[in-house]
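**Student:** dropping a prediction and its sequence here:
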Amino acid sequence: MKVAVVVGSLRKGSYNRMIAKAMCGLAQGLECEIVEIGDLPLYNPDLEEGKLPPAWEEFRRKIRAADAVLFVTPEYNRSVPGPLKNAIDVGSRPYGKSVWAKKPAAVVSVSPGAIGGYGANHHLRQSLVFLDMPPLQQPEAYIGNVASLVDAQGQLTSADTREFLRKFMEAFARWIKATK
């Protein structure tokens, strides 16, 4: 099963990207690919009328080809980062041609703070309802204090976190099978 992984952080050395890569390494039976969002032009409906930006076409193609989507995101101002919201908008338009529809999804929020991006996690889940993406309900994943869970190379240093993420990916694989 092909899983598009959308990382909400564009930062070099992103903890979210580190966790996403670690999760992909723990995913049995899932073929994960990080689908980049940093080069997507801002969504503007006027651009739908001419030749589409190539980055939009490539992004939409990759999401369309996936069986499911794993979102890994930080929290900015109790919500998702702008680039992630833009990616959601690019994929959901034009109306009636969303690349997201019916794709099982999972949300993981990652933060150096203690509450693990709770606000972003739930705000993103609100969007998934509109996008017609059935989200994995349990287990929920809020990865707080992430700086203490990975080393400088992005490797997990916590056996408990590794085991939690392994179980999360197993649950996600079951969810994809159950909803497809």
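**Tutor:** Everything's here; your move.
**Student:** got the contact list for the residue located most distally from the centre of the chain?
**Tutor:** Among the C-alpha atoms of the chain, the one farthest from their average position, using CA atoms, centre = their mean, is that of G50, at 28.8 Å. With contact taken as CB atoms under 8 Å, 6 or more residues apart in numbering, G50 is in contact with no other residue. Bear in mind the C-beta positions are built from the backbone N, C-alpha and C, glycine included.
**Student:** can you tell me the SS state at it?
**Tutor:** For G50, the reduced secondary structure class is coil; criterion used: DSSP: H, G, I helix; E, B strand; the rest coil.
**Student:** quick check: phi and psi on it?
**Tutor:** Torsion angles at G50 (phi, psi; degrees, to the nearest 10) stand at phi -120, psi -150.
**Student:** do the same with K2
**Tutor:** As for K2, its main-chain torsions (degrees, to the nearest 10) stand at phi -90, psi 130.
**Student:** how about the one 3 residues further on?
**Tutor:** Here is the backbone geometry of V5 (degrees, to the nearest 10): phi -110, psi 120.
**Student:** could you give the bridge partners of it?
**Tutor:** With beta bridges defined as DSSP bridges, V5 has these partners: I34, L70.
**Student:** make 45 the first number, not 1, from now on.
**Tutor:** Sure thing, new numbering starts at 45, so read that last one as V49.
**Student:** hmm, E80 and it touching each other?
**Tutor:** No. Contact between V49 and E80 fails when scored by CB atoms under 8 Å: they sit 10.1 Å apart.
**Student:** so the two - more neighbours on which side?
**Tutor:** Per other CB atoms under 10 Å, whichever of V49 and E80 has more neighbours is V49, with 23 against 16.
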